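>>> predicted model follows, preceded by the sequence.
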Amino acid sequence: MRRFAVVGVALSIGVCGLTEVGTAANPRIAAVQIGLRAHGFDPGPVDGLSGPLTRSALASFQRAKRLPDDGRLDRKTRRALGQRGRPLLGQRELAVGAVGWDVAVLEFRLRRRGLPRSAVDGRFTRSTATALRRYQRRQRLAPDGIAGPLTYRALAARSAARAHVVRAGESFFSIAARYHVSPWQLARRNGIPLTNVIVPDQRLVLPAGARLSAPVVTGPPASRDAVRAAIDRWALVYGVDPRLARALAWMESGFQQDVVSSVGAVGVMQLLPETWEFVDTVVLGVRTPRNYVGNVRAGVRYLRWQLDQFGGNVRLALAGWYQGARAVREIGLYDDTKLFVRVVLSLYGTV
């Protein structure tokens, strides 16, 4: 591949340093996750989020390479990743056959152009080239399937973040419902605790995936009363306090069935597809329908599973829901996990 300097283009996705837990997927974190996988360490799903599994895997990798195991990415750590840690996106032309950090970053950004998740692996294949051509056509560039200076300039161009100006009587939950996003993600995107009061004329930046029109969902639209009834029903079946299940569901989605997060969590209970599949296959032994009833059933059963993992301790079960049971046991609760738990408990008995 031909190397070159991209004059006048500062790609933010090429900045070194693994950030803390973010509110939106970050391509450079995805590149770290792909690099760790290539070296035999499990960072969890390649989702671009610096969660506990990613930080733990990075720290383990650093220990194996006799580097400070602080779970942060620096030049020495990137160097230790070898071919998977270099070069930064924009430093060379990319085409079929290329392997590296820059390819991983590019592929992660091409997911919205039809690149399958399984193909996001840091190797520039024909699938990568096909997705890149789609992106180039959309940007009115020559669709040659090769990433060069013009493609990098298009990638570096930033559009203004979508925002909402608060009106009288609005809350995080009503705004989240309007844009079909999670109230929790809306609050985190703005660095404001969900328990805080927002005021008219306050400007809120909307998280990824915000939209005014509802997406196509499986099954007929469900009212909040119907969602609440489904939660209460399955809570009774699985021996879960319905007030706890409702508080969790309200925190996650505001009882919306059509919310899809930036990392692919779906429905009322905001279940990742792999979590939903785990509940169906391992916990329930049956496939639940992919509608709001099935989502609620799987979510409440997963909450029951978390409660069982921690001997009925509600605080730890909620932490396990948010952070993962294994991570809670091995690492403890992160600050954002503690905040999540605190807000859910504050909603207990109010929804």
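Sure thing, it's come through.
>>> for Ile331, which non-adjacent residue is closest in space?
Spatial nearest neighbour of Ile331, excluding adjacent residues (Cβ to Cβ, 6 or more residues apart in numbering): Pro52 at 5.6 Å. Glycine gets a C-beta too; all of them are placed from N, C-alpha and C.
>>> and what about Val328, helix, strand or coil?
Secondary structure, DSSP: H, G, I helix; E, B strand; the rest coil: Val328 is helix.
>>> can you count the residues close to it?
23 (other Cβ atoms under 10 Å).
>>> hmm, it is touching Arg315, no?
No: applying Cβ atoms under 8 Å as the test, Val328 and Arg315 come out as separate, 10.0 Å apart.
>>> chain center to stretch 46-62, what's the gap?
Chain-centre distance of stretch 46-62: 13 Å, with Cα atoms, centre = their mean, to the nearest Å.
>>> pLDDT of that stretch, averaged?
Regarding stretch 46-62, the rounded mean pLDDT is 87.
>>> for it, which residues meet the burial criterion?
Within stretch 46-62, the residues that count as buried by 16 or more other Cβ atoms under 10 Å are 46-62.
>>> tell me which helix or strand in this structure has the weakest average pLDDT.
helix 149-156 (a mean of 77; mean pLDDT, DSSP states H and E).
>>> hmm, who's touching stretch 97-110?
The contact list for stretch 97-110 (Cβ atoms under 8 Å, 6 or more residues apart in numbering) reads 1, 13-14, 25, 27-28, 30-31, 34-35, 46, 48, 78, 81, 83-92, 94, 115, 119-124, 128, 131-132, 135, 147, 155.
>>> again, but for stretch 267-281
Stretch 267-281 is contacted by residues 45, 182, 227, 230-231, 248-249, 252-253, 255-259, 261, 263-266, 286-288, 292, 295-296, 298-302, 305 when judged by Cβ under 8 Å, 6+ apart.
>>> cutoff 7 Å now
With contacts defined as Cβ atoms under 7 Å, 6 or more residues apart in numbering, stretch 267-281 is touched by 45, 182, 227, 249, 252-253, 255-257, 259, 261, 264-265, 286-288, 292, 295-296, 298-299, 301-302.
>>> cool, and stretch 344-351?
With Cβ under 7 Å, 6+ apart, stretch 344-351 has contacts from Thr195, Arg243, Leu244, Arg246, Ala247, Leu248, Trp250, Met251, Leu318.
>>> buried stuff in the helix or strand where Tyr322 lies?
According to DSSP states H and E, Tyr322 maps onto helix 314-323. Neighbour counts over helix 314-323 (16+ other Cβ under 10 Å) mark Val314, Leu316, Ala317, Leu318, Ala319, Gly320, Trp321, Tyr322, Gln323 as buried.
>>> per-residue pLDDT, Gly209?
69.
>>> do the same with Thr350
According to the prediction, Thr350 has pLDDT 91.
>>> can I assume it sits in a helix?
No: counting by three-state DSSP, Thr350 is not part of a helix but coil.
>>> just give me the neighbour total for it.
Using other Cβ under 10 Å, Thr350 is surrounded by 9 other residues.
>>> and it, its phi and psi?
Dihedral angles of Thr350 (phi, psi; degrees, to the nearest 10) stand at phi -110, psi -10.
>>> now Arg123
In terms of degrees, to the nearest 10, the main-chain angles of Arg123 are phi -120, psi 120.
>>> tell me the phi and psi of the closest residue to it other than its chain neighbours?
Excluding the flanking residues, the one nearest Arg123 by Cβ to Cβ, 6+ apart is Val99, at 5.2 Å. Dihedral pair for Val99: phi -140, psi 140, per degrees, to the nearest 10.
>>> ranges for the strands of the protein?
Applying DSSP state E to the chain gives strands spanning 163-165, 203-205.
>>> what is the first one packed up against?
Just to be clear, that refers to strand 163-165. If you count contacts as 3 or more Cβ pairs under 7 Å, 6 or more residues apart in numbering; DSSP states H and E, strand 163-165 packs onto strand 203-205.
>>> each with direction, which strands does the strand it packs on pair with?
strand 163-165 (antiparallel) (DSSP bridges).
>>> average model confidence for the partner strand?
Averaging pLDDT along strand 163-165 gives 87.
>>> same thing with stretch 283-301?
When pLDDT is averaged along stretch 283-301, the result is 93.
>>> off-centre distance for it?
That offset, for stretch 283-301, works out to 21 Å (Cα atoms, centre = their mean).
>>> same question, stretch 63-76
A distance of 24 Å separates the centroid of the chain from that of stretch 63-76, by Cα atoms, centre = their mean.
>>> what residues sit buried inside that stretch?
Using 16+ other Cβ under 10 Å as the test for burial, stretch 63-76 gives Leu67, Asp69, Gly71, Arg72, Leu73.
>>> number of residues surrounding the nearest residue to Ala210 once chain neighbours are set aside?
Nearest residue to Ala210 in three dimensions, chain neighbours excluded: Tyr179, at 4.1 Å (Cβ to Cβ, 6+ apart). Other residues lying near Tyr179 total 18 when counted by other Cβ under 10 Å.
>>> so Tyr179 makes contact with Pro207?
No: counting by Cβ atoms under 7 Å, Tyr179 does not reach Pro207; the two are 8.5 Å apart.
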